[in-house]
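**Q** okay, sequence plus prediction incoming.
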Amino acid sequence: MNYKISTLVLFLALIAMVIYHFSTVENDIDKPIVEEVPKEVKTDDYSKSHLDKELSNYFADQLANGVDPDLGEFISFDIAKAKLDSIRDYRSKNPGNPRIHNSYGYIFGLQKMRELIHRIDKINKAQDTLDLTGVRVYRTISKAKGKKYFDVFMIAVTKENKDFPDLGNPDLKKDLVDEDPILNVSNPCPTDCE
């Protein structure tokens with residue numbers, strides 16, 4: 001398998017894992033989905049649940065040495081099927097906000113994916129001070145025909161786990177690149193998958 005194909009395969013696997021993570025409350029596919037009894041957490045920070053704090057610590061430990069370009073794992077057919085069944089079951093029990101189409105899958109064309117990787121590679125070659133080693137997937141809301149739907153956008157990430165470009169700091173609007181490494185406007189699933 002050549003470098004471009006293997007990079008694309010890893011990239012798609014990362015996207016699938018991130019989408020699954022953000023689309024479900026229960027990541028353990030062997031357990032039935034049940035409501036968790038909230039634990040009382042004594043803290044001054046009420047912005048995060050106990051589970052959020054545990055996951056934040058876990059993922060912070062994973063990124064302690066920076067964003068590894070090999071981050072992600074391939075999964076088997078059986079695990080993928082179980083995870084898809086899990087999110088479908090979760091969605092049937094938790095329909096969400098009726099004003100927003102509750103997508104759980106997002107389709108991008110391979111040519112756009114290749115172009116995103118090309119833009120990232122171009123930045124890495126042009127900038128000695130940057131080391132873009134990953135792609136972050138943000139869940140967001142888009143509109144089509146005046147209707148809102150859940151969507152995602154992908155943005156390049158540095159080894160230091162910072163978005164590039166830094167959307168949190170508009171003063172750092174870069175002169176570094178002519179094409180932003182940010183991809184959005186997918187086709188939502190369902191309906192394109194069922």
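**A** Nice, I can see it.

**Q** tally of neighbours for residue 143?
**A** When neighbours are defined as other CB atoms under 10 Å, residue 143 has 9 of them. From N, CA and C alone the C-beta is placed, and that goes for glycine too.

**Q** now residue 120
**A** 23.

**Q** immediately after the one helix or strand it maps to, which helix or strand?
**A** Residue 120 belongs to helix 110-126 when assigned by DSSP states H and E. Using DSSP H and E, the next helix or strand after helix 110-126 towards the C-terminus is strand 132-144.

**Q** who does that following strand pair with, and is each partner parallel or antiparallel?
**A** As defined by DSSP bridges, the strand partners of strand 132-144 come to strand 147-158 (antiparallel).

**Q** just the CA atoms of the strand it pairs with, as CSV, please.
**A** The C-alpha trace of strand 147-158 is given here as CSV (Å, rounded to 0.1, in the frame of the first residue of the first chain):
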residue,chain,number,x,y,z
LYS,A,147,-33.0,23.3,7.6
LYS,A,148,-30.4,22.7,10.3
TYR,A,149,-28.5,19.4,10.5
PHE,A,150,-25.6,18.1,12.6
ASP,A,151,-22.4,18.2,10.5
VAL,A,152,-18.7,18.0,11.1
PHE,A,153,-15.7,19.9,10.0
MET,A,154,-12.1,18.8,10.0
ILE,A,155,-9.1,21.0,10.7
ALA,A,156,-5.4,20.3,10.8
VAL,A,157,-3.8,19.9,14.3
THR,A,158,-0.2,20.5,15.3
